[in-house]
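Trainee: Compute the structure for the input listed below.
(one chain, ligands or ions: 1)
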Amino acid sequence: MNTKVLLDTKQSPLSLDYADWVSTLPESEIRRLLRFSPKYYFGGGKPGILPIETFHQIIEEIISEEKILLQEKSTRVLDKYNYGATEGSIALRTVLAKRLKKRDHVSCVVEDVIITTGSQQILYAINDCLITPGDIILTTRPAYLGYLLPAEKLGAKIITLPSDEGGLIPEFIDTAIALCQKEFGRTPKILYTIPYSDNPKGTTLSSKRKRQIIDIVFGYNDILIVEDAAYKEIQFGKQGNNIHPLKEYDFDNQRIAYLSTSTKEAASFRIGYSVLPEDLRQAIIKAKGYYDLCSSEFVQAILARYYEKYIDLQLPLIRRGYEDRCKAMLYAIEDHLPNGYFSKPTGGFFIWYETANKSFDTLKFVQKSIDKDVAYVPGSAFYPQDGYSVTEESKLIRCERPTNTMRLGYSLLSPEMIAKGIKLLGRLLKMETRFRIPSSSSSFFNKGSFII
Ligand SMILES: Cc1ncc(COP(=O)(O)O)c(C=O)c1O
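Mentor: Got it, this is the predicted structure:
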């Protein structure tokens, strides 16, 4: 073809048919909020206490060792700057397998552990490998939006179960399974749960509930438990050293996909890790090969050293820091936010707040709040777009998305900034609704008279 003719012709715009989900599913609310940088950021769970000096020290150690190797004309250095195995570096997997066994009571060997680009990737990959459109996933209400939207993208039907201050209520699992069999003619394929300090409510499952969940779900050999332990390292007080995941009961590594992440230490490293039943692991390694070939070898080398030598020195400080932030936010909510409910986490990054007035719309209000320098995540983002709910009366209904809720993240800012930001948020809510704010109260539940 004559290129001159091509260049002279006015080009018509590209016209493409996109996949349906591009228009039917929204952008993640958290990703959207990341575009703004208000002074008081209570939006996504950005870690604000990071062992940066330790990471510098590790990088310096690695570089000095490499200099010696380079002088010796060794080619070993090349490996860290190269493509690696899709399932992750042996060094990191070895350290993690030891730690998972010793600290988390997960029985595993190095081959069982795989590395992904954040735990977000394994969450997506599990559904990508298991879900054919119409397959059912059970989870709590509300639930981690980073799990819900990708699952819906893949065609999963999400059924949400009631949760309370202790997290997922096990009694509803059996009910949900029976309802799914009756209404949709199939058993759910996955139960997704975050046992430690869940996102968004910050609730933690008791040992009793964990046992009940195992008893119920292990009764079905076609339901996989996906256990997301993203916040297991950020547990306050003594429980921080006493991790007992559901996976502890999966002696033969058959029934539970256990996943966690290093990113609460340094989000930018983007390294997640998991222990999966054998067949699922093989499928996921295949899928990861399609997504990104492998995760960064250099970053894995940094983390292998961090987990081997440094993490247990840092964790007590990190946990105490987040606990102080959590307390600062709880006190400020108690003193300054209008009447409502709020959760009291014992770890993790988030508090869930519900206004007493059920018709208040935190989604409509969020842009105004950002314009005044305060960001939070509207709670409606933590419900499926098009799912179902099992009600407390054990009925199956289309999933409702309450508007009067918000997730407040305390991970990024200092206790002082948190106190100021929540005070400002309280003032903004008050101006919005022109109702008074309670002066102070001795209980975490405000009672009665102030309503927005
Ligand atoms: C519960 C939960 N799971 C998984 C993730 C994904 O984290 P990452 O990909 O950084 O490991 C997050 C992120 O906030 C989360 O809150």
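
Trainee: Is residue 377 in contact with residue 200, as I believe?
Mentor: Yes: if you go by Cβ atoms under 8 Å, residue 377 and residue 200 touch, sitting 7.3 Å apart. The C-beta positions use only the backbone N, C-alpha and C, and glycine is treated the same way.

Trainee: Quick check: neighbours shared by these two?
Mentor: Shared contacts of residue 377 and residue 200 (Cβ atoms under 8 Å, 6 or more residues apart in numbering): residue 407.

Trainee: Pull the contacting residues for the residue in the stretch 301-450 of the chain that the ligand sits nearest to.
Mentor: In the stretch 301-450 of the chain, the residue found nearest to the ligand is residue 349; the distance is 7.5 Å by Cβ to the nearest ligand atom. Shown in contact with residue 349 (Cβ under 8 Å, 6+ apart): 45, 47, 197, 199, 202, 231, 234, 264, 322, 409, 410, 411.

Trainee: mind redoing it with 10 Å?
Mentor: Going by Cβ atoms under 10 Å, 6 or more residues apart in numbering, residue 349 touches 42, 44-48, 197, 199-200, 202, 230-231, 234, 264, 322, 325-326, 407-412.

Trainee: The ligand next: which of these are close?
Mentor: Residues of these in contact with the ligand (Cβ under 6 Å from any ligand atom): 45, 199, 230.

Trainee: where does this structure have low pLDDT?
Mentor: Along the chain, segments meeting pLDDT under 70 span 1-9, 434-452.

Trainee: What's the first helix or strand after the longest strand along it?
Mentor: In the chain, assigned by DSSP state E, the strand with the most residues is strand 157-164. Per DSSP states H and E, the first helix or strand lying C-terminal to strand 157-164 is strand 167-168.

Trainee: Parallel or antiparallel, which strands does that following strand pair with?
Mentor: strand 157-164 (antiparallel) (DSSP bridges).

Trainee: Correct me if wrong, but residue 147 is in a helix.
Mentor: Yes: counting by DSSP: H, G, I helix; E, B strand; the rest coil, residue 147 falls inside a helix.

Trainee: Next, count neighbours for it.
Mentor: Here the number of neighbours of residue 147 (other Cβ atoms under 10 Å) works out to 24.

Trainee: That one - nearest residue in space that isn't next to it in sequence?
Mentor: Excluding its sequence neighbours, the residue lying closest to residue 147 (Cβ to Cβ, 6 or more residues apart in numbering) is residue 123, at 5.4 Å.

Trainee: and the helix or strand the one you found falls within, C-alpha only, in CSV?
Mentor: Residue 123 belongs to helix 118-130 when assigned by DSSP H and E. Output of helix 118-130 as CSV, limited to C-alpha atoms (Å, rounded to 0.1, in the frame of the first residue of the first chain):
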residue,chain,number,x,y,z
GLY,A,118,0.8,-9.2,45.8
SER,A,119,-1.8,-11.4,47.3
GLN,A,120,-4.2,-9.6,44.9
GLN,A,121,-2.8,-11.7,42.1
ILE,A,122,-3.5,-15.0,43.9
LEU,A,123,-7.0,-13.9,44.8
TYR,A,124,-7.7,-13.3,41.1
ALA,A,125,-5.8,-16.4,39.9
ILE,A,126,-7.8,-18.7,42.2
ASN,A,127,-11.1,-17.5,40.8
ASP,A,128,-9.6,-17.4,37.3
CYS,A,129,-8.7,-21.1,37.6
LEU,A,130,-11.9,-22.3,39.3
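
Trainee: Briefly note if it comes near the ligand.
Mentor: Yes: judged by Cβ under 6 Å from any ligand atom, helix 118-130 and the ligand are in contact via 118, 119, 120, 123.

Trainee: so what secondary structure elements neighbour the helix or strand that that helix is followed by?
Mentor: The C-terminal neighbour of helix 118-130 among helices and strands, as given by DSSP H and E, is strand 136-141. Packed against strand 136-141 by the contact rule (3 or more Cβ pairs under 10 Å, 6 or more residues apart in numbering; DSSP states H and E) you find helix 145-153, strand 157-164, strand 167-168, helix 171-184, strand 190-193, strand 224-228, strand 388-390.

Trainee: Adding distance to residue 316, write the ones you listed out as TSV.
Mentor: What follows is those, written out as TSV (distance: least, Cβ to Cβ, whole Å):
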stretch	distance to residue 316
helix 145-153	28
strand 157-164	30
strand 167-168	25
helix 171-184	35
strand 190-193	27
strand 224-228	24
strand 388-390	40
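
Trainee: Skip the chain neighbours and tell me the closest residue to residue 128.
Mentor: Using Cβ to Cβ, 6+ apart, the closest residue to residue 128 is residue 287 (5.5 Å).

Trainee: before we move on, which element is the one you found in?
Mentor: Residue 287 belongs to helix 278-292, assigned by DSSP H and E.

Trainee: got the contact list for that helix?
Mentor: Contacts to helix 278-292, defined as Cβ under 10 Å, 6+ apart, come from residues 85-88, 111-117, 121-122, 124-126, 128-130, 224, 252-254, 257, 274-276, 294-295.
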